[in-house]
Every structure is written in C-alpha cells, then in structure tokens.
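Participant: Sharing a model that was predicted from the sequence below.
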Amino acid sequence: METGKLTIAQIQAGLRSKQFSAVELAESALAFAEAENPKTNAYLLLAADRALASARRVDAKLSAGEDPGPLAGVPTGIKDVIVTKGLRTTCGSKLLEKFVPPYDATAVARIENAGGVLLGKLNCDEFAMGSSNENSAFGPVRNPAAPDRVPGGSSGGSAAAVAQGTAVVALGSDTGGSIRQPASFCGVVGVTPTYGRVSRYGLVAFASSLDHIGPLARNVDDAATLLGVIAGRDPMDSTSAFAPVQDYRAAMHLPVRGMKIGLPKEYFEGLTSDTRLQIEKGVRLLRQEGCEVLEVSLPHTPYAIACYYIICTAEASSNLARYDGVKYTIRSSRAQTLQDMYRMTRGEGFGAECKRRIMLGTYVLSAGYYDAYYLKAQKVRALIARDFERAFETVDALVTPVSPFPAFKLGEKLDDPIQMYLSDIYTITGSLAGIPCMSVPCGATSEGLPVGMQILTRHFDEPGMFRLAAHFERAGGFTL
Amino acid sequence: MKITEQEVRYVAALANLELSEPETARMAHELDEILTYMDKLNELDTGGVEPMAQVLFPAGETATLREDEPGATLSNQAALANAPLSGAGQFKVPKIIER
C-alpha cells in the first residue's frame, strides 16, 4: 500500500470496500514514517500504540456497521505545540523536553472522535517562533523538495511531513504565517482559518490575540474536511466563535464565474521574479475561469512587520512567563534561591529567538515605552484591519504571493533576525486582521522550488476561500 | 542608539531571564537594530484611531459566561506530574523566607 499519496476520500473508499483495514493502514503509515523521517526530521515522536488503538476502534465501528467518522483511519500528524494527553509535547524547546501533558487539545480530541489516527508529533520552531524551523531544540527540518533548504516555519515539520507523505494531513499553528509560509515552501495546502474559528484549548500560547490552529494537506478537499472537523465553538476556549460551521466541502463546488478578485498592489513589490511569474500565471488562470480581477490597495501593508513584532513579542513575553522552573519539568540545578531558579531555568532553557522575543516584548511593555510601542502598534493594527474591510467592499477575495521568495538555504538568514522577520511580510497582515487565509501550491520556480499563492477572504468566509482554491486546483493551478 | 547594554540588563531582570555577558552584548546590538526598524510606525498619524486589542468577536457580551457549577478538573496528582519537585500535594520551590 502506498500510504504516501493517499487522500482522505481514497482512504474512506478503501476502508468501506475492505481494500485495507484501518489497522493495516496505520501499520503501513507508521512504517513509512519511520523509514522516511530521517530525510527531513519532521517527526519528533511516533505514537504507534495510540495510532493502532485508534485504528482498531475505527475497524470495530466499521464491522459493527457504525459510521466511523469523516476522518476514519486518516494518518494525522500534530505540531508539537498542541498538547496530547500522555504523549510528550516539547514545543521544540529544551524547557519542555520531558513535558507530558495531562489532557488533549480540543482539536486533537475532535480529530480522534472523527476517526482520525494520530500518528505522531511534528517538529517546529521553539514555541512556534520562527520562519525556518531552525529554532527547534531538536534540530532543523529539511525541505522534502530540496534537502539543503528550510521547510519554512514555524510549522515546518507539519508541512514537510504532508509533502513527504509521512502524514496524510497535519495540524499546524499560525500566528503570523506559520502555516501558510511552510505550506508554500513545501508545495502543500495550508489553511489559517478566521480568528476564533478553531478552539485553541491545548495550543501552547505564543501570542493569544493572533494564535490559530489550522490544517495542512496535499489537496483542498482534505484541508476542507479536516477544518470541518476541528472548527466550532468550544466552551474550553472563551475566544472560540459561536458562528455555525459551514459545509466547506460543499462550497468547493460552487461556481467562481463573476467572483471579484483583488490584487493588492503592495504585495507585488520586492518579490523575486520567479515568484512573481508564478503568481501572475495563477491569476491568469483565475481570469480564464471567469473571475473578474481588479487591482486594489492595502496602503498600511509596509507597517505590518513592525506592528506585528511589537504585538506578538509583548504577548509572548507574558505567555512565556510561566516557564519558571516550578511546574514544567525543567529546573536549573545551579539555583539556590527562588529568584535564581526563575532566572537560571529560563536562561538555560530558552533558545536565542525566544530570548530575543521575551526581551523585546518586555521592553515594549515596560514603563515609559508602552505608549510609544505597544499602544501605537495596536492602533496601526486597527488601520491594517480597516484596509482589508475597505478592500472587501469591492472584492470577494484577495490573491497574493505567500512569501516574497521560495525556500531559502539552511543557515542563510539565521544570523539576521530582521531579514528572517521580513520573510513574513505577506502573511502577517491577514493574521493581524484575523481573516481566513490559505496557501495553495502555484507551480515551482525554475530551480524546482514550490511557490504558494495566498487567498484571503472576509471574516468567516472560509466557504469563499475553499471555493476559489478548489477551482484553482481543478483547473491545474497547483502544477502551473 | 536605542538601547544600551545596561538597559538590556534591566529588561532581562524584569523578564527574570539570565543572560551571559556575550548574550547581553549581542542582544543590545540586535534589539537596537529591531527597535530602529520599529520607528517606521512613527511615520503614521494614529490620532483618533482606536487601538485594536482583539479581533472582532461576533457574540453578545455575556455569551461566553456559564453557570458557576463545578465540573471535572485535573486530579492533584495529574497537576503535579510534571513538577520538577513536589511534595505533600504541593509544588516545591527553594526557601523564600530566611529564619
């Protein structure tokens, strides 16, 4: 059985026609993941016992004639910032090297209730802070399309596993582009839903006003199916939205003729020519499919990176305060006093990027700087969100590149934080506004590196986003 | 110069974060560059703009409140399971009161 290319629909058909059992599929997926993982370092842990137990439950339901759920038997990887009961969850950090959570994240529980098979935990930048997956305490992840290049970050393991075929789908998390950018670098689909659409209960907090959980998949249908399972109100997350969950898969079949697509002119400056060429091909295809394409402007785009890195570091410095040597497994052995226990545990445990963000966040929140940085950034955030509101008065969706350039070489930007931060330029704006956005494959550069096209729609218009993405896929956009 | 090494030490103390001397020097240099980049925001006039603290949340003000009824919680043992040091059902930390 070739587990590396299966879709969710094929798995459902295979299980129902008894071509294979869920246990056979899980065994084969585990063996494939174990054999292939050394090429990328995407998995930090494979959860064979748990995967086989889930698969046995699916097989039992099938033989009893019960509905095993929309994700029955689907081998699923989980980014290691999402907690799993009894399964080590490291957040890519030395600080949580031995942390075994006492509960499951809501998204994980919903996947397993829908018949999904949790295959293992996926590598990521430490506490989801990074754009290359090089900030993991457990080693970088390599891009399956080009092993000397990064897979993007911070959900680099999730994107690499899906691209490599060691997971059919995966959960990632996105704060400023951490699902979409690695999806684009690895040539897979990555979805950041509307803020609040998916419960964050059990997502280890980085920047709470920006954090999202979302799916990565090899096709639009699989991403829509997974989002349909994890979306919806959760009493355990007071920021999760009450809005009813729409039928994302049904939306994929609505026509796109006459849909108005905006191209924000600010997103076509400063990108590499290869990336521009691919996105232009993608736009041409959408036009051929009957979409009306207009130029629009989101004038505050050039301020997004400064705005984002103030807000996210401020929130991170507060959220990471809990790793103080009291509750989470690691405590400095040098510490004699309480104060030293805090300082030394944190100094020894956090990697360079986390330290940088804690320091920056603490600085921008400190007395005398709050108004100049944090408050100012929150006002600029309002302006950026307003840009989108205005654009959506005339268009139904926006189409942009995901990243100004394709996957870069390992180590290339590691010593230059600002260069690394700038790679998030096109994804950060949608995160700040809290609107749904996704990355879909849009061919490759002349060197064969995947390029991603971003689709953004209004709050809770995931159906519009999937509708456009699915048409693009069917029209051959992924391999342009 | 936006930030000196002395200020880096002050902020590190606020954040309860131990930094080595080389880390402090490097941090001062990097934060200085980043904060200089952040100055870009001052080009914008934000007078009269309401700060955006949260993404729009379409629900009534009390929608997220629930009845104050006890529900399932973690057991004491499960809550302490990851503690580096615990005893008598408590998290243990170094002595904080000198006799």
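Facilitator: That came through fine.
Participant: Grab the most central residue of chain B for me.
Facilitator: B:A15 (7.8 Å; C-alpha atoms, centre = their mean).
Participant: so what's that one up against?
Facilitator: A:317, A:321, A:346, A:358-359, A:362 (C-beta atoms under 8 Å, 6 or more residues apart in numbering or on different chains). To be clear about C-beta, it is placed using only N, CA and C from the backbone, and glycine gets the same treatment.
Participant: of these, list those near chain B.
Facilitator: A:317, A:321, A:346, A:358-359, A:362 (C-beta under 8 Å from any C-beta of the partner chain).
Participant: Is it possible to get CSV of those residues that adds pLDDT, secondary structure and distance to B:N76?
Facilitator: Formatted as CSV, those follow (pLDDT from 0 to 100; DSSP: H, G, I helix; E, B strand; the rest coil; distance: C-beta to C-beta, whole Å):
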residue, pLDDT, secondary structure, distance to B:N76
A:S317, 97, helix, 30
A:A321, 97, helix, 24
A:R346, 97, helix, 26
A:I358, 98, helix, 31
A:M359, 98, helix, 36
A:T362, 97, helix, 33
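Participant: tell me the two of these that are most distant?
Facilitator: A:A321 and A:M359 (12.9 Å; C-beta to C-beta).
Participant: lowest-pLDDT helix or strand in chain A?
Facilitator: Least confident helix or strand, chain A: helix A:417-422 with a mean of 84, by mean pLDDT, DSSP states H and E.
Participant: Sketch out the low-pLDDT regions of chain B for me.
Facilitator: Residue ranges of chain B with pLDDT under 70: B:99.
Participant: dump the residue contacts of the residue sitting furthest away from the middle of chain A.
Facilitator: Residue farthest from the centre of chain A, counting by C-alpha atoms, centre = their mean, is A:Q336 at 40.5 Å. Shown in contact with A:Q336 (C-beta under 8 Å, 6+ apart): B:P94.
Participant: How about residue 16, nearest residue that isn't a chain neighbour?
Facilitator: Using chain A here. A:L62 (7.5 Å; C-beta to C-beta, 6 or more residues apart in numbering or on different chains).
Participant: nope, chain B
Facilitator: Using C-beta to C-beta, 6+ apart and skipping residues adjacent in sequence, the residue nearest B:N16 is A:Y342, 4.1 Å away.
Participant: One more: A:E348?
Facilitator: Closest residue to A:E348 apart from its sequence neighbours, by C-beta to C-beta, 6+ apart: A:S332 at 5.4 Å.
Participant: now that neighbour: how far from A:F350?
Facilitator: To A:F350, A:S332 is 12 Å away according to C-beta to C-beta, to the nearest Å.
Participant: neighbour-wise, which of the two wins?
Facilitator: A:F350 (24 against 19; other C-beta atoms under 10 Å in any protein chain shown).
Participant: Report how many residues lie close to A:A170.
Facilitator: If we define neighbours as other C-beta under 10 Å, then A:A170 has 32 of them.
Participant: Now for it, which secondary structure element holds it?
Facilitator: Using DSSP states H and E, the element containing A:A170 is strand A:169-174.
Participant: avg pLDDT for that strand?
Facilitator: On average, the pLDDT along strand A:169-174 is 98.
Participant: How many neighbouring residues does the closest residue in space to A:L6 that isn't next to it in sequence have?
Facilitator: Spatial nearest neighbour of A:L6, chain neighbours left out: A:V168 (5.8 Å); criterion: C-beta to C-beta, 6+ apart. When neighbours are counted by other C-beta under 10 Å, A:V168 registers 30.
Participant: what residues are up against A:V168?
Facilitator: Counting by C-beta under 8 Å, 6+ apart, A:V168 has contacts A:3, A:6-8, A:11, A:29, A:74-76, A:162, A:217-218, A:222.
Participant: again, 10 Å this time
Facilitator: A:3-8, A:10-11, A:25, A:29, A:71, A:73-77, A:116-117, A:119, A:161-162, A:217-218, A:222, A:226 (C-beta atoms under 10 Å, 6 or more residues apart in numbering or on different chains).
Participant: Which among those residues count as buried?
Facilitator: By neighbour count, with 16 or more other C-beta atoms under 10 Å in any protein chain shown, the contacts of A:V168 hold A:3-4, A:6-8, A:11, A:25, A:29, A:71, A:73-77, A:116-117, A:119, A:161-162, A:217-218, A:222, A:226 as buried.
Participant: Using PDB, write out every CA atom in the helix or strand the residue nearest to B:N16 falls within.
Facilitator: Element membership for A:Y342, per DSSP H and E: helix A:338-349. Provided in PDB are the C-alpha atoms of helix A:338-349 (Å, rounded to 0.1, in the frame of the first residue of the first chain):
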ATOM      1  CA  LEU A 338      13.700  31.400  44.200                       C
ATOM      2  CA  GLN A 339      14.800  34.400  42.100                       C
ATOM      3  CA  ASP A 340      17.800  32.400  40.700                       C
ATOM      4  CA  MET A 341      15.500  29.400  40.000                       C
ATOM      5  CA  TYR A 342      13.400  31.700  37.700                       C
ATOM      6  CA  ARG A 343      16.400  33.400  36.000                       C
ATOM      7  CA  MET A 344      18.600  30.400  35.600                       C
ATOM      8  CA  THR A 345      15.900  28.000  34.500                       C
ATOM      9  CA  ARG A 346      14.800  30.400  31.800                       C
ATOM     10  CA  GLY A 347      18.300  31.400  30.800                       C
ATOM     11  CA  GLU A 348      19.300  27.700  30.300                       C
ATOM     12  CA  GLY A 349      16.000  26.600  28.800                       C
END
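Participant: Please narrow the buried ones among the contacts of A:V168 to those residing in strands.
Facilitator: A:75-77, A:117, A:119, A:217 (DSSP state E).
Participant: Can you report phi and psi for the residue nearest to A:L6?
Facilitator: phi -80, psi -40 (degrees, to the nearest 10).
Participant: so where is chain A shaky, pLDDT-wise?
Facilitator: Along chain A, the parts satisfying pLDDT under 70 run over A:1.
Participant: Spell out the residue ranges of the strands in it.
Facilitator: Counting by DSSP E, the strands of chain A are A:43-46, A:75-79, A:117-122, A:169-174, A:189-192, A:212-217, A:260-264, A:292-296, A:397-401, A:437-444, A:450-456.
Participant: Run a quick neighbour tally on A:K18.
Facilitator: Residues within reach of A:K18, counting by other C-beta under 10 Å, total 9.
Participant: actually A:R284, sorry about that
Facilitator: 12.
Participant: Is it in contact with A:V293, as I believe?
Facilitator: Yes - taking C-beta atoms under 10 Å as the definition, A:R284 is a contact partner of A:V293 at 8.8 Å.
Participant: ok, now how distant is A:A385 from chain B?
Facilitator: 6 Å (C-beta to the nearest C-beta, to the nearest Å).
Participant: nope, A:T429 is what I was after
Facilitator: 13 Å.
Participant: Excluding residues flanking it in the chain, which one is nearest that residue?
Facilitator: Closest to A:T429 by C-beta to C-beta, 6+ apart is A:A304, at 4.7 Å.
Participant: Next: A:Y201.
Facilitator: A:M236 (3.9 Å).
Participant: can you tell me how far the one you found sits from A:R200?
Facilitator: 9 Å.
Participant: So between those two, which is more surrounded?
Facilitator: Between A:M236 and A:R200, counting by other C-beta under 10 Å, A:R200 is the more crowded of the two (23 against 13).
Participant: The more buried one contacts A:D174, correct?
Facilitator: No - under the contact definition of C-beta under 10 Å, A:R200 does not touch A:D174, with a separation of 11.2 Å.
Participant: Could you double-check that A:L122 sits in contact with A:I82?
Facilitator: Yes - between A:L122 and A:I82 there is a contact at 9.2 Å, judged by C-beta under 10 Å.
Participant: the more surrounded of the two?
Facilitator: Taking neighbours as other C-beta under 10 Å, A:L122 and A:I82 compare with A:L122 leading, 32 against 27.
Participant: Excluding chain neighbours, give the residue nearest to that one in space.
Facilitator: A:G157 (3.4 Å).
Participant: number of nearby residues for A:G351?
Facilitator: Using other C-beta under 10 Å: A:G351 sits among 20 other residues.
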